[in-house]
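Trainee: Mind looking at a prediction? Sequence and model below.
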Amino acid sequence: MTHSHKQHGHHSAHDRHGHTTEHAHERGAHDQALILDLDARVTAPLTDDVIAWLPLVGDPREIVDLGAGTGAGTLPLLARFPEARVTAVDSSAEHLDRLRAKAREAGVADRVRTLLADLDQADWPDLGSPDLVWASASLHHMADPDLALRRTRDLLAPGGLLALVELSGFPRFLPEDAPAERPGLEEALHAVSDRWHTGHVPHRGADWAEKLTANGFRVEGERTLTAELEGSGDPMVVEYALTSLRRLRESVVDALVPEDLTALDRLLDSGDPGGIAHRDDLTVRTVRSVWAARRSD
């Protein structure tokens with residue numbers, strides 16, 4: 001379950017450390033792709049559950065994955081529907097490169113078409129007339145989700161289905177009373193992050209059922225699902241937690257009190273016995289909200 005970020009033009013300029021913003025941008029894009037890959041692996045059972053639950057009328061033959069990222073939805077959809085073709089749309093060339101590599105590895109490259117496109121632009125590329133549109137953690141990033149929903153409704157085949165999946169906040173990795181020296185640290189970080197998102201990603205947490213109904217859909221199902229994975233000693237989960245928390249740190253560092261920043265940096269220190277890599281209480285908990293909406297004709 002992924003999301004796509006708009007790629008903005010940028011110039012390489014040296015910061016005070018002598019690094020370049022170009023390098024920082026590339027590192028950020030790489031970290032984002034890594035998080036998407038890890039998230040797909042952690043939440044794979046949840047994604048399969050969502051796909052199996054969809055109220056489809058027959059198996060879809062043409063599927064569009066809006067904001068496909070590195071393939072968290074595309075690959076399971078191809079596995080579940082062996083006769084289907086998927087058009088995967090994203091605004092990141094690196095994400096789509098990874099998606100194509102995964103498709104080749106799975107032997108399904110001939111059933112995937114990738115399109116590099118910014119879905120906030122005035123005109124969408126030709127996406128055909130799909131039976132199913134999969135939009136996971138992508139619509140809330142769009143400048144005008146209502147317009148995107150109307151466009152989605154118009155491109156769907158008559159009776160076609162939209163599967164809309166949204167994240168219910170940032171994943172959690174530690175118990176509420178951890179770490180010992182700063183209990184409740186994660187909740188404090190999330191509170192700061194949520195305030196940032198309110199100003200910068202205003203559509204996160206929108207009333208999607210209302211938006212769907214207002215833009216030509218009939219909501220036929222709604223679910224909230226939780227994925228929980230024990231992670232102590234699992235290198236994949238450790239890497240997922242470290243990469244996610246590092247990115248969270250970047251977005252909230254200026255708003256943290258010194259005690260929270262010190263405790264967070266200790267968690268991120270692979271050499272610290274209290275760090276994420278050495279904890280026996282590491283668990284990934286992530287929540288997804290899902291709507292299945294039929295094109296209303």
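Mentor: Received, thanks.
Trainee: From what I see, Leu139 and Leu164 are in contact.
Mentor: Yes - in this structure, Leu139 is within contact of Leu164 by C-beta atoms under 8 Å, at 6.6 Å. Any C-beta I mention is one placed from the backbone N, CA and C, and that applies to glycine too.
Trainee: And those two? Which one has more around it.
Mentor: Leu164 (28 against 25; other C-beta atoms under 10 Å).
Trainee: Following the chain onward from whichever strand or helix holds Leu225, which element is next?
Mentor: Here Leu225, judged by DSSP states H and E, is contained in strand 217-230. Next along the chain after strand 217-230, taking DSSP H and E as the criterion, comes helix 235-252.
Trainee: For that next one, what does the pLDDT average out to?
Mentor: Averaging pLDDT along helix 235-252 yields 88.
Trainee: Name the helix or strand for the residue nearest to Met142 when sequence neighbours are not counted, please.
Mentor: What sits nearest to Met142 in space, not counting adjacent residues and going by C-beta to C-beta, 6 or more residues apart in numbering, is Ala148, at 4.9 Å. Using DSSP H and E, Ala148 falls within helix 145-155.
Trainee: What angle do strand 217-230 and that helix make with each other?
Mentor: Angle of helix 145-155 versus strand 217-230, following axes from the mean of the first three to the mean of the last three C-alpha atoms, to 10 degrees, is 110 degrees.
Trainee: So, low pLDDT: which residues of the stretch 101-250 of the chain?
Mentor: 196-206 (pLDDT under 70).
Trainee: Swap in 80 and give it another go.
Mentor: Along the stretch 101-250 of the chain, segments meeting pLDDT under 80 span 122, 140-141, 168-170, 193-207, 232.
Trainee: Show me what the helix holding Ala148 packs onto, helices and strands only.
Mentor: Helix 145-155 makes packing contacts with strand 62-66, strand 132-136, strand 161-167, helix 208-214 when contacts are defined by 3 or more C-beta pairs under 8 Å, 6 or more residues apart in numbering; DSSP states H and E.
Trainee: Distance to Val112 added to those, as CSV?
Mentor: Below are the helices and strands packed on helix 145-155 laid out as CSV (distance: least, C-beta to C-beta, whole Å):
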stretch, distance to Val112
strand 62-66, 9
strand 132-136, 13
strand 161-167, 18
helix 208-214, 27
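Trainee: Figure out which of these is closest to Thr224.
Mentor: Thr224 sits nearest to strand 161-167 of all these, at 10.0 Å, using C-beta to C-beta.
Trainee: for the closest one, packing partners?
Mentor: helix 44-53, strand 132-136, helix 145-155, helix 208-214, strand 283-295.
Trainee: how about the third one: buried residues?
Mentor: Going back to what we said before, that points to helix 145-155. Using 16 or more other C-beta atoms under 10 Å as the test for burial, helix 145-155 gives Pro145, Ala148, Leu149, Arg151, Thr152, Arg153, Leu155.
Trainee: Same question for the last one.
Mentor: When neighbours are counted by 16+ other C-beta under 10 Å, the buried residues of strand 283-295 are found to be Thr283, Val284, Thr286, Val287, Arg288, Ser289, Val290, Trp291, Ala292, Ala293, Arg294, Arg295.
Trainee: returning to what we had before: just checking, the residue nearest to Met142 touches Val133?
Mentor: No - assessed by C-beta under 8 Å, Ala148 is found out of contact with Val133, at 10.4 Å.
Trainee: Now do the shared contacts for these two.
Mentor: Common neighbours of Ala148 and Val133, counting by C-beta atoms under 8 Å, 6 or more residues apart in numbering, are Leu66.
Trainee: Please, which helix or strand holds the closest residue to Asp281 other than its chain neighbours?
Mentor: Nearest residue to Asp281 in three dimensions, chain neighbours excluded: Pro175, at 5.5 Å (C-beta to C-beta, 6+ apart). Under the criterion DSSP H and E, no helix or strand holds Pro175.
Trainee: Any chance of the backbone angles for Pro175?
Mentor: Backbone torsions of Pro175, given as degrees, to the nearest 10, read phi -60, psi 160.
Trainee: quick one: the nearest residue to Asp48 once chain neighbours are set aside from Leu264, how far?
Mentor: Closest residue to Asp48 apart from its sequence neighbours, by C-beta to C-beta, 6+ apart: Pro76 at 5.8 Å. Between Pro76 and Leu264 the distance is 33 Å, computed by C-beta to C-beta, to the nearest Å.
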